[in-house]
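Q: One predicted model, sequence on top.
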Amino acid sequence: MSKVTAHHLARNAYLYIRQSSLHQVQENRESTARQYDLKRRAQALGWPTDQIVVIDEDLGLSGATAERNGFQRLVADVGLGRVGVVMGLEVSRLARNSTDWHRLLEICALSDTLILDEDGIYDPSHFNDRLLLGLKGTMSEAELHMLRARLLGGLLNKARRGELWMRPPLGFIHDGEKLALDPDRQIQDSVRLLFETFRRTGSAERVVKHFATEGILWPRRVRGELLFSPLGHYRVLQILHNPRYAGAYVFGKTRQKKGRGGHVLTRKLPREEWSVFLPQSHPGYISWEEFEANQVLLRDNANGYGPDRQRRPPREGVALLQGFVLCGVCGSRMTVRYRVRHGHPVPDYVCQKQSIKTAAGRPCQVITGTGLDDAVSEVILDAVSPASLDVAFQVFEEIRTRKAELDRIRRAQVERIREEAEFARRQYMLVRPENRLVADTLERQWNEKLASLSQAEEEYRKTKEEASGITAEDQVHVEALAQDLPRVWKDARTSARDKKRMLRLLVEDVTLTRAAPLVQIDIRWRGGATTTVTRPLAPTWPDLVRTPSSIVEMVRALASCETDREIAQTLNARDLHSGKGRPFAPNIIKCIRATYGIDSMGDRYRKQGWFTSDEMAAQLKVDPKTARRFAREGLLRGLKVNDKGDILFAPITGPLPRPQPGVRFRDRRVQETMPHLPNEVQYEA
């Protein structure tokens with residue numbers, strides 16, 4: 001009984017065509033033709049030509065990937081009931097993984113859609129047909145797995161012998177059996193300079209800046225032609241992470257797996273999980289020990305920008321402990337904040353990781369770095385002073401070697417441009433005179449090369465004049481500086497970055513613990529030893545502008561007998577100044593009294609029972625002006641207690657004064673002897 005019914009013929013016949021790669025599409029054309037030929041099978045089964053839909057947009061895509069637009073359209077139309085039969089040369093054309101294949105079978109069974117291949121026609125709604133199709137799909141996936149395993153096994157076996165060919169990186173060539181150093185001397189010098197600069201600076205970014213500052217271009221080969229361009233940061237990292245520059249043959253440094261959406265995820269493996277590792281298999285530019293040290297340094301530099309903000313590379317800021325200072329309270333890395341004081345940046349070491357995580361109001365610790373940096377510098381100078389002279393000779397030799405290397409690379413650039421100009425000249429001289437168009441082009445190219453040569457020679461001459469060699473006098477100067485390493489450390493020409501790099505050669509990390517009024521500094525050296533020192537906390541801004549205690553005591557003593565203005569005049573007469581270095585004024589004296597709880601002269605006399613003008617007038621039953629006049633004329637004992645002219649009156653021990661018309665005030669003055677009081681209000685009539 002035929003499986004094709006009128007119900008199937010009423011719908012379209014879909015022909016799915018696929019090749020796994022573009023190379024197969026171009027080379028395996030017979031397989032593509034066989035797939036297109038399945039249209040005749042559909043016509044023989046009764047489908048007209050206009051009902052046969054060909055889906056060939058997935059040519060060049062693997063059947064194991066899920067990102068196939070043609071297959072997704074096929075599954076969608078099957079689910080909508082538009083397809084009567086799905087045709088493919090074989091099961092592997094439709095899908096190479098069980099997930100896509102069995103999903104298609106389920107949808108075909110639900111929508112009553114047939115499946116046709118080169119062997120026959122199947123109805124997925126029937127158990128036997130579905131079982132057979134399932135086996136075919138599983139075998140197709142297993143076939144792909146076995147093919148891949150055979151290919152990878154062959155590659156791995158050849159790699160274990162170090163014979164698997166891989167494109168050599170810049171600076172190497174294949175000599176027929178293994179890698180060898182590039183015979184081009186300029187390329188070798190450029191690669192060696194890159195590693196030497198990184199060894200000196202410890203930063204990939206600084207390597208890029210050094211090449212740009214010195215005007216050195218980076219060589220690269222493009223389809224066999226040697227080109228030069230500025231060095232990029234990504235290229236530096238690519239070279240520093242490549243173990244082949246250390247003379248090692250490696251294979252299988254990464255693992256790949258499919259993630260969501262069919263995307264391939266690549267994961268770098270640690271050294272212990274590499275498939276093949278053959279050290280010293282060919283000449284290298286650096287040793288394996290230096291390569292591993294570079295990886296540790298690059299990892300530390302990268303950690304400084306990660307979520308944990310761990311050990312960071314030295315930067316230009318003045319904070320000496322930047323990048324490797326720890327909090328003694330919680331153990332987290334401390335960051336650096338800068339503020340400006342008197343036109344100079346002042347660092348503060350701040351531990352704010354926990355406060356950010358828990359939304360706490362205040363950081364764990366905030367410690368001013370001015371005194372701490374000086375204390376650590378003293379410890380470092382005491383530790384390395386005996387070896388300072390040896391350091392001087394190493395510095396001198398490094399400077400000389402570095403300048404010679406740069407000069408050799410610049411000279412090689414000029415020589416290469418000269419060779420190109422000579423080659424352009426020979427081309428022009430060999431052209432036939434009647435080929436004027438060709439001769440004009442070659443002449444223009446020759447002129448361009450000559451102009452480039454002239455420019456390169458001029459730049460080389462200027463650079464050589466500026467970068468004069470180290471003279472014997474310079475060597476003596478370096479040795480003299482080395483004998484006084486503290487002076488070198490404190491020299492203004494020694495940058496903050498250089499100090500930090502020297503410090504990191506000796507110190508692993510520094511832990512700060514604040515215990516006011518001291519701060520404990522724990523220095524952990526590279527060898528594991530520790531040194532602990534304590535220093536007083538650096539004064540804060542309020543401490544720096546606070547009035548000295550001696551002046552506060554003077555204000556306390558003078559406040560009992562002088563007003564604020566008189567106290568300020570007394571202190572200014574003694575050439576004393578406030579905490580901010582300003583002359584004293586009444587408002588400053590008033591602020592000092594309020595801060596330290598010092599009573600004014602008026603407050604003191606009020607506590608002793610003295611009366612105000614209103615209170616004394618109420619006792620005398622006169623107007624306050626009359627009471628003040630009594631004090632002014634000597635009938636009452638009064639005292640001016642502030643700069644406003646307010647008067648306080650002493651308690652009356654005798655009879656109260658009364659108005660006596662016709663009697664002069666001088667005849668009524670108090671005759672008893674009274675102690676002398678400053679600011680006492682007594683006037684001659």
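A: Sure thing, it's come through.
Q: how about the residue nearest to Ala496 when sequence neighbours are not counted, what does it touch?
A: In space, not counting the residues next to it along the chain, Ala496 is nearest to Val318; the distance is 5.2 Å by CB to CB, 6 or more residues apart in numbering. The C-beta positions use only the backbone N, C-alpha and C, and glycine is treated the same way. Contact criterion CB atoms under 8 Å, 6 or more residues apart in numbering gives Tyr338, Pro345, Pro347, Asp373, Ala496 as the residues in contact with Val318.
Q: at 10 Å what do you get?
A: Shown here is Val318, whose contacts under the criterion CB atoms under 10 Å, 6 or more residues apart in numbering are 336, 338, 344-347, 369-370, 373, 495-496, 499-500.
Q: now His174
A: With the criterion set at CB under 10 Å, 6+ apart, His174 makes contact with Trp165, Met166, Arg167, Pro168, Ala180, His282.
Q: which of those has the most neighbours?
A: Ranked by the number of neighbours (other CB atoms under 10 Å), the contacts of His174 place His282 first, at 19 neighbours.
Q: just the contacts of Val318 now: which is nearest His210?
A: Distance from His210 was checked for each of the contacts of Val318 by CB to CB. The minimum falls on Ser495, at 14.3 Å.
Q: Relative to Gly323, how far out is the closest one?
A: Applying CB to CB, to the nearest Å, the value for Ser495 to Gly323 is 15 Å.
Q: Ala557 versus His577, what's the distance?
A: From His577 across to Ala557, the span is 18 Å (CB to CB).
Q: Between the two, which is the more surrounded one?
A: The neighbour count for His577 versus Ala557, taken as other CB under 10 Å, is higher for His577 (14 against 11).
Q: Now Gly202: closest residue in space that isn't a chain neighbour?
A: Across the structure, with CB to CB, 6+ apart as the measure, the residue nearest Gly202 apart from its sequence neighbours is Leu297 (5.7 Å).
Q: Would you mind giving me the confidence score for the one you found?
A: Looking at Leu297, its pLDDT stands at 85.
Q: Could you tell me which residues make contact with Val78?
A: The neighbours of Val78, taking CB under 10 Å, 6+ apart as the test, are Arg11, Tyr14, Gly84, Val86, Leu104, Ile107, Cys108, Leu110, Ser111, Thr113, Ile115.
Q: Check which strands are paired with the one helix or strand the last one maps to and give the direction for each one.
A: To tie it back to what came earlier, the one meant is Ile115. Secondary structure from DSSP states H and E places Ile115 in strand 114-116. When pairs are called by DSSP bridges, strand 114-116 turns out to pair with strand 83-87 (parallel), strand 121-122 (antiparallel).
Q: Would you mind finding the most buried of those?
A: Of all the strands paired with strand 114-116, strand 83-87 has the most neighbours on average by mean count of other CB atoms under 10 Å, namely a mean of 26.
Q: Which elements pack onto the next helix or strand after it?
A: Using DSSP H and E, the helix or strand that directly follows strand 83-87 along the chain is helix 91-94. Counting by 3 or more CB pairs under 10 Å, 6 or more residues apart in numbering; DSSP states H and E, the packing neighbours recorded for helix 91-94 are strand 12-16, helix 69-79, strand 83-87, helix 98-111, helix 127-160.
Q: What average pLDDT does helix 91-94 get?
A: Helix 91-94 shows a mean pLDDT of 73.
Q: Ser495 and Gly323: who's more crowded?
A: When Ser495 is set against Gly323 and neighbours are counted by other CB under 10 Å, the residue ahead is Gly323, at 24 against 13.
Q: Which residue ranges of the stretch 301-450 of the chain form strands?
A: Taking DSSP state E, counting those that start in this stretch to define them, one finds strands in the stretch 301-450 of the chain at 325-327, 335-341, 344-351, 365-368.
Q: for the ones you listed, which one sits closest to Glu289?
A: Using CB to CB, the strands of the stretch 301-450 of the chain put strand 325-327 closest to Glu289, at 27.9 Å.
Q: quick one: buried residues of that closest one?
A: Residues of strand 325-327 classed as buried by neighbour count (16 or more other CB atoms under 10 Å): Val325, Leu326, Cys327.
Q: for the residue nearest to Ser140 when sequence neighbours are not counted, what are its contacts?
A: Spatial nearest neighbour of Ser140, excluding adjacent residues (CB to CB, 6+ apart): Ser92 at 4.2 Å. For Ser92, the set of contacting residues under the criterion of CB under 10 Å, 6+ apart consists of 18, 20, 63-64, 101, 117, 136-137, 139-141, 143-144.
Q: PyMOL command for the buried members of these?
A: Taking 16+ other CB under 10 Å as the burial criterion, the selection of buried members of those in PyMOL is written as:
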select buried, resi 18+20+63+64+101+117+136+137+140+141+144
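Q: Cys364: which of the contacts of Ser92 is nearest?
A: Ala64 (52.5 Å).
Q: Now do the phi/psi pair for the residue nearest to Ala496.
A: Comment: the main-chain dihedrals of Val318 come out as phi -80, psi -10, following degrees, to the nearest 10.
Q: can you list the domains in this structure?
A: Using automatic domain parsing, the domains assigned to the chain come out as 6-156, 168-303, 387-486, 546-598, 607-668.
Q: can I get those in CSV with distance to Thr530?
A: Below are these laid out as CSV (distance: least, CB to CB, whole Å):
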stretch, distance to Thr530
domain 6-156, 48
domain 168-303, 20
domain 387-486, 20
domain 546-598, 36
domain 607-668, 59
